[in-house]
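Student: sequence unknown, structure follows:
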Ligand SMILES: Cc1cc2nc3c(=O)[nH]c(=O)nc-3n(C[C@H](O)[C@H](O)[C@H](O)COP(=O)(O)OP(=O)(O)OC[C@H]3O[C@@H](n4cnc5c(N)ncnc54)[C@H](O)[C@@H]3O)c2cc1C
């Protein structure tokens with residue numbers, strides 16, 4: 001947490017703080033001894049730096065789907081996360097000009113499929129420009145009518161609960177109406193879930209020791 005003055009003192013004085021806002025430059029070293037030297041690279045918060053640094057935050061990969069006027073629609077989404085357990089809420093972020101977002105607003109619901117490690121090609125197909133094709137994909141449908149990818153690890157069906165501005169994206173919050181695991185618990189198998197790290201699809205190697 002950069003709001004912790006003890007941590008702020010360790011950041012390098014490379015980024016000019018906004019005039020009305022204290023920044024790393026203002027942080028006086030705290031503690032008894034000198035702060036350890038900074039090792040790394042401090043970057044200005046531009047899109048390239050955001051991609052570079054946030055790309056180190058490893059995520060799972062989902063395909064979010066909905067029913068559009070023209071039929072099923074979906075997109076690969078790694079900004080998915082759970083928000084609240086009770087009530088059950090999730091969120092993800094979509095570009096403001098997204099056709100999937102338009103469909104979700106119209107039908108008021110969507111489904112999330114959590115992808116398995118073997119579904120890299122599916123992730124790339126649903127990230128490509130143009131409307132994705134569901135041909136040849138094994139799908140299930142539930143109450144939302146949106147397809148769930150049967151070869152995924154798990155799924156959630158949601159009602160659109162809220163939508164918030166988020167810069168060049170919109171933050172979509174869903175109230176979970178149904179959810180489950182798929183297959184024989186693929187996440188626990190050797191393949192595990194599909195992951196996204198530094199712009200590349202990957203699979204988990206092994207769990208860390210606790
Ligand atoms: C691992 C991974 C994770 C991702 N996570 C996210 C995420 O969390 N959030 C996110 O928003 N995206 C994410 N993406 C990108 C996303 O999957 C793709 O951009 C996908 O096409 C979005 O579909 P859409 O329906 O939301 O947007 P689309 O409506 O398909 O729009 C996507 C882009 O295409 C343009 N476009 C729209 N229609 C056309 C057309 N007819 N011809 C040409 N261009 C057009 C739009 O202006 C926009 O720039 C991710 C991609 C990958 C690989």
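Tutor: Sure thing, it's come through. Keep in mind that what you see is a predicted model, and the values were worked out from it rather than measured.
Student: Which stretches in this structure count as helices?
Tutor: 5-8, 47-54, 99-107, 120-127 (DSSP state H).
Student: Give me the distance between the residue most central in space within the chain and residue 138.
Tutor: The chain has residue 79 as the residue nearest its centroid, 1.5 Å off, counting by Cα atoms, centre = their mean. Distance, residue 79 to residue 138, by Cβ to Cβ, to the nearest Å: 25 Å. Using the backbone N, CA and C atoms, a C-beta is placed for each residue, glycine as well.
Student: surely residue 110 meets residue 62?
Tutor: No. Using Cβ atoms under 8 Å, residue 110 is not in contact with residue 62, being 10.6 Å away.
Student: Looking at the two, which one has more neighbours?
Tutor: A direct count of neighbours by other Cβ atoms under 10 Å for residue 110 and residue 62 places residue 62 higher, at 31 against 26.
Student: Skipping its backbone neighbours, what lies nearest that one in space?
Tutor: Distance criterion Cβ to Cβ, 6 or more residues apart in numbering; nearest residue to residue 62, sequence neighbours excluded, is residue 80 at 4.6 Å.
Student: Quick check: closest non-adjacent residue to residue 102.
Tutor: Using Cβ to Cβ, 6+ apart and skipping the chain neighbours, the partner closest in space to residue 102 is residue 68 (7.4 Å).
Student: so that neighbour touches residue 99, yeah?
Tutor: Yes. Proximity of residue 68 to residue 99 meets the contact threshold set by Cβ under 8 Å, at 7.0 Å.
Student: follow-up on the earlier one: give the contact list for the residue nearest to residue 62.
Tutor: Applying Cβ atoms under 8 Å, 6 or more residues apart in numbering, we find residue 80 in contact with 59, 60, 62, 64, 90, 91, 92, 112.
Student: Model confidence score at it, please.
Tutor: pLDDT for residue 80: 98.
Student: and what of residue 5?
Tutor: With respect to pLDDT, residue 5 has a value of 48.
Student: again, but for the one 3 residues further on
Tutor: Looking at residue 8, its pLDDT reads 50.
Student: Domain-wise, how is this structure divided?
Tutor: 1-32, 59-198 (automatic domain parsing).
Student: out of these, deepest packed?
Tutor: domain 59-198 (a mean of 18; mean count of other Cβ atoms under 10 Å).
Student: How far does that one sit from its chain's centre?
Tutor: Mean-position distance between domain 59-198 and its chain equals 10 Å (Cα atoms, centre = their mean, to the nearest Å).
Student: I'm done for today, thanks for sticking with me.
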